[in-house]
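Novice: here you go, sequence then predicted model.
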Amino acid sequence: AQSVTQLDSHVSVSEGTPVLLRCNYSSSYSPSLFWYVQHPNKGLQLLLKYTSAATLVKGINGFEAEFKKSETSFHLTKPSAHMSDAAEYFCVVSGPGAAGNKLTFGGGTRVLVKP
Amino acid sequence: DGGITQSPKYLFRKEGQNVTLSCEQNLNHDAMYWYRQDPGQGLRLIYYSQIVNDFQKGDIAEGYSVSREKKESFPLTVTSAQKNPTAFYLCASSIGPAGETQYFGPGTRLLVL
């Protein structure tokens, strides 16, 4: 069984300040972990993916995430928020399912960027 | 330009009516998926297909049906048995089922009249 908990449902930051989105996961296996971003009424766009090659993963648009096995965490960060970062972010864990691979989604974190 | 297309962008359903959502991909991916998204929630898996002419139920398949007659197409029918169909529906695909990244379409919003 696997699960994902996004610790904040909403995060508000000022433009130019750092962003931190927190994610904890639970998995019986060595999981693959993803962060996706969704702008209003749009599909999900992949930000980055962890697959055990390196614990610090760099993604698109200046985002990065650090995998910490001891803390079962995969937090997403960006040093300086931009207005275009206002969106909903999903942490996702991938692991074996009944047939093939199964994605389990966190509940999402909505980011508000203030000018 | 490779990608996943979904149509229509908005769809209205009358009570007792079946409606079909289209999903097409030109990425040559074997696996395709349908998810439902409700406000303030993550995505929940409705159906998935790993190969043509084969598909499996996901976590919330009741009231939905699918077909996979062609590799590039995976339509979802929302039947009259689905009592609460209002949601945002997302289609995704991946190269294969094992540990692969899923790529998402733009979504279809279904509303009930």
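Specialist: Arrived safely.

Novice: kindly report the residues of chain B close to chain A.
Specialist: Residues of chain B found near chain A, taking Cβ under 8 Å from any Cβ of the partner chain as the criterion, are B:4, B:6, B:31, B:40-45, B:48, B:50, B:56, B:88, B:90, B:92, B:94, B:96-107, B:109. Quick note: C-beta positions are derived from backbone N, CA and C, even for glycine.

Novice: filter the residues you listed to the buried ones?
Specialist: Neighbour counting by 16 or more other Cβ atoms under 10 Å in any protein chain shown classes B:4, B:6, B:31, B:42-45, B:48, B:50, B:56, B:88, B:90, B:92, B:94, B:97, B:100-107 among these as buried.

Novice: which residues does the residue lying closest to A:H39 once chain neighbours are set aside form beta bridges with?
Specialist: Residue nearest to A:H39 in three dimensions, not counting chain neighbours: A:A87, with 4.7 Å by Cβ to Cβ, 6 or more residues apart in numbering or on different chains. On the basis of DSSP bridges, A:A87 is bridged to A:V111.

Novice: thinking again about what came up before, in strands, which of the buried ones among the residues of chain B next to chain A appear?
Specialist: Here DSSP state E is the test, and those give B:4, B:6, B:31, B:43-45, B:48, B:50, B:56, B:88, B:90, B:92, B:94, B:103-104 as lying in strands.

Novice: between the residues you listed, which sits nearest A:G107?
Specialist: Of all these, B:L43 has the smallest distance to A:G107: 10.1 Å, by Cβ to Cβ.

Novice: pull the contacting residues for A:E15.
Specialist: By Cβ atoms under 8 Å, 6 or more residues apart in numbering or on different chains, the contact set of A:E15 is A:A81, A:H82, A:M83, A:V113, A:K114, A:P115.
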